[in-house]
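>>> Test case, fold it:
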Amino acid sequence: MDNANRIVSSEAEQLVLVDADDRETGFLSKAECHDGAGLLHRAFSVFLFNAAGELLLQQRNPSKRLWPGFWSNSCCSHPRRGESMPLATSRRLRDELNIETTLEFIYKFSYQAEFGDLGSEHELCHVYLGRVEGPVIANEHEIAALRYVAASTLAHEFEHAPQQFTPWFKLEWERLTGEHRDLLSRYSDLA
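I've put the predicted structure just below:
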């Protein structure tokens with residue numbers, strides 16, 4: 001699929017509002033979910049690793065409303081109204097990276113992060129691990145750049161330049177390398 005025909009996420013798409021226990025409470029547009037302090041909605045983050053155990057990072061497109069140009073994990077998005085998590089993750093992997101892969105659910109958590117006066121993320125996020133085999137083709141409407149990084153290099157970058165990364169990515173990586181280290185070590189080059 002070439003970039004001209006790739007799907008771009010929309011501020012109008014209907015996202016799933018949830019309570020603290022991840023029960024659906026309603027639906028609102030993506031724009032409304034991210035306005036002000038944000039409304040708690042369902043989301044997902046995917047961490048993909050190559051055969052060498054390096055993590056695929058994406059740099060968010062400069063046109064993104066929240067955290068434009070920041071580096072983040074391989075793929076992050078939201079299920080839409082009426083969409084299961086497996087369908088949503090598969091859709092976004094195709095839309096953003098032009099790949100298909102099997103994912104392993106690891107954990108879910110909620111967080112809130114403000115991006116100045118432009119809005120906030122307030123998400124109950126499902127975190128997945130997976131592998132990348134073959135070429136990855138970034139959707140230029142969603143992603144500015146891609147790169148693979150070793151766990152040791154990422155730790156160095158988090159320590160010396162944390163401001164270049166999205167807040168959810170830092171929170172998720174800390175938890176993955178802490179309480180979920182055994183699961184992560186099956187995918188990563190983590191020493």
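
>>> and residue 184, helix, strand or coil?
helix (DSSP: H, G, I helix; E, B strand; the rest coil).

>>> Tell me who's in contact with it.
Taking Cβ atoms under 8 Å, 6 or more residues apart in numbering, we find residue 184 in contact with 129, 176, 177, 190. Where you see a C-beta, it was placed from the backbone N, CA and C, and this is true even at glycine.

>>> same question, residue 23
Per Cβ under 8 Å, 6+ apart, neighbours of residue 23: none.

>>> mind checking how far it is from residue 45?
Note on residue 23: its distance to residue 45, by Cβ to Cβ, to the nearest Å, is 20 Å.

>>> next one: residue 84
17 Å.

>>> before we move on, what about residue 151?
17 Å.

>>> which one of those two has more residues nearby?
residue 45 (26 against 20; other Cβ atoms under 10 Å).

>>> Looks to me like that one is in a strand.
Yes. Under three-state DSSP, residue 45 falls within a strand.

>>> Could you pull out the buried residues of the helix or strand hosting residue 154?
If you go by DSSP states H and E, residue 154 is part of helix 151-160. Buried residues in helix 151-160, counted by 16 or more other Cβ atoms under 10 Å: 151, 154, 158.

>>> same check, this time on stretch 60-77
60-61, 64, 66-67, 70-77.

>>> What of stretch 93-105?
Buried residues in stretch 93-105 (16+ other Cβ under 10 Å): 93, 95, 96, 97, 98, 99, 101, 103.

>>> what's the farthest-apart pair in those residues?
98 and 103 (16.0 Å; Cβ to Cβ).

>>> Residues contacting the helix or strand residue 175 falls within, please?
Secondary structure assigned from DSSP H and E places residue 175 in helix 167-177. Applying Cβ under 8 Å, 6+ apart, the external contacts of helix 167-177 come out as 45, 47, 67, 71-73, 76, 106-107, 109, 111, 113, 121, 123, 125, 127, 129, 151, 154, 158, 162, 183-184, 190.

>>> show me where pLDDT drops low in this protein?
1-9, 191 (pLDDT under 70).

>>> Which elements pack onto the longest helix seen in it?
Taking DSSP state H as the criterion, the chain has its longest helix at helix 85-97. If contacts are counted by 3 or more Cβ pairs under 8 Å, 6 or more residues apart in numbering; DSSP states H and E, helix 85-97 sits against strand 41-49, strand 55-60, strand 75-77, strand 143-149.

>>> Just put the ones you listed in a markdown table and tack on distance to residue 170.
Converted to a markdown table, the helices and strands packed on helix 85-97 look like this (distance: least, Cβ to Cβ, whole Å):
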| stretch | distance to residue 170 |
| --- | --- |
| strand 41-49 | 11 |
| strand 55-60 | 12 |
| strand 75-77 | 13 |
| strand 143-149 | 14 |
